[in-house]
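Trainee: Model the following, please.
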Amino acid sequence: MKHEIYDGALLENLSLGDTITIESTTYFKANLNGNLLGYFREDSTAGKAWFWAIDDTSEYLIMDLSLNIGDIFLVKMYSDSLVTVSSIDVVNNRKELTLNYNYGGGFIAENLKFIEGVGPNAAMFYQVEDKDQAFNNQYLFGYLVCKMYHDTIRVYAWDTVNFECGSFVGIQEISQSENPTIDVFPNPTNGLLQFTIKDTSLFNRGLFIYNILGQKIIQMYIDRKDILINLEGFSGHTFIYNVAGQEN
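Mentor: Okay, the predicted model is just below:
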């Protein structure tokens with residue numbers, strides 16, 4: 001899945017695990033990057049699905065394929081919104097309902113959709129009311145289900161041509177003299193990259209390096225002025241760094 005954050009987007013993995021019984025109802029455990037988020041169940045005959053977040057006291061409806069154009073659906077992404085079904089289509093042999101509810105920012109700008117055999121395009125947990133408390137992460141802006149696999153077989157793709165997830169970073173090129181906090185040398189590099197921290201307020205913060213797909217490949221704490229990182233073992237030619245986190 002594509003996860004949009006403040007200044008870019010990342011790739012993350014959502015998977016269904018073992019079953020669990022809650023109040024006589026069977027759910028699948030839903031895990032994001034190996035961490036339990038909540039519990040998912042569906043009625044494929046009725047075209048409905050529900051999600052129960054780990055911090056919630058009940059389940060809530062996240063998809064209903066039985067709706068018709070003009071029917072109302074309650075969306076609780078950031079606040080309660082009554083939205084309507086604007087269109088119903090069959091795309092690649094899957095029924096798709098599009099609702100008049102747009103979500104995302106600069107890297108995800110989608111109408112909420114219910115997709116047969118896939119679920120909501122905004123991911124199954126899009127209606128969790130307090131995402132920061134429940135998942136301890138930056139869940140602003142949202143998610144996009146861009147690829148889906150059963151075992152190792154891809155059964156769905158948002159992009160059916162290149163099988164990608166769209167753009168992940170907005171890159172504004174600046175010179176080293178315009179960057180008052182960090183020097184990066186050499187740039188470009190053949191593998192070894194030196195970060196010189198010019199702003200000591202960045203000490204004890206996290207230094208994260210991503211590839212062009214938005215996948216995090218290195219993370220570490222800044223604990224000294226000069227940091228040498230070896231990128232020789234990573235494929236690709238473009239990397240993005242970010243400094244974030246709370247001081248410890």
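Trainee: isn't Leu14 right up against Lys29?
Mentor: No: counting by Cβ atoms under 8 Å, Leu14 stays clear of Lys29, with 11.4 Å between them. C-beta coordinates here come from the backbone N, C-alpha and C atoms, glycine included.
Trainee: Neighbour count: these two, which is higher?
Mentor: Neighbour totals were compared for Leu14 and Lys29, and Leu14 leads with 19 against 16 (other Cβ atoms under 10 Å).
Trainee: show me the contacts for that one.
Mentor: Counting by Cβ atoms under 8 Å, 6 or more residues apart in numbering, Leu14 touches Met1, Ala30, Asn31, Leu32, Leu37, Ala123, Met124, Val145.
Trainee: can I get these in CSV with distance to Asn111?
Mentor: Below are these laid out as CSV (distance: Cβ to Cβ, whole Å):
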residue, distance to Asn111
Met1, 17
Ala30, 23
Asn31, 27
Leu32, 23
Leu37, 24
Ala123, 15
Met124, 17
Val145, 14
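Trainee: Now do the same for Lys29: its pLDDT.
Mentor: Note for Lys29: predicted pLDDT of 96.
Trainee: Would you agree it is in contact with Asp18?
Mentor: Yes: between Lys29 and Asp18 there is a contact under Cβ under 8 Å: 5.6 Å.
Trainee: Flag every buried residue along stretch 202-219.
Mentor: Buried residues in stretch 202-219, counted by 16 or more other Cβ atoms under 10 Å: Leu202, Arg205, Leu207, Phe208, Ile209, Tyr210, Asn211, Leu213, Gly214, Ile218.
Trainee: for stretch 90-97, same thing?
Mentor: Across stretch 90-97, burial judged by 16+ other Cβ under 10 Å covers Glu96, Leu97.
Trainee: got the contacts of Leu14 as CSV, with neighbour count and distance to Phe107 columns?
Mentor: Output for the contacts of Leu14, formatted as CSV (neighbours: other Cβ atoms under 10 Å; distance: Cβ to Cβ, whole Å):
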residue, neighbour count, distance to Phe107
Met1, 22, 12
Ala30, 22, 23
Asn31, 16, 23
Leu32, 20, 18
Leu37, 24, 21
Ala123, 24, 15
Met124, 26, 20
Val145, 21, 15
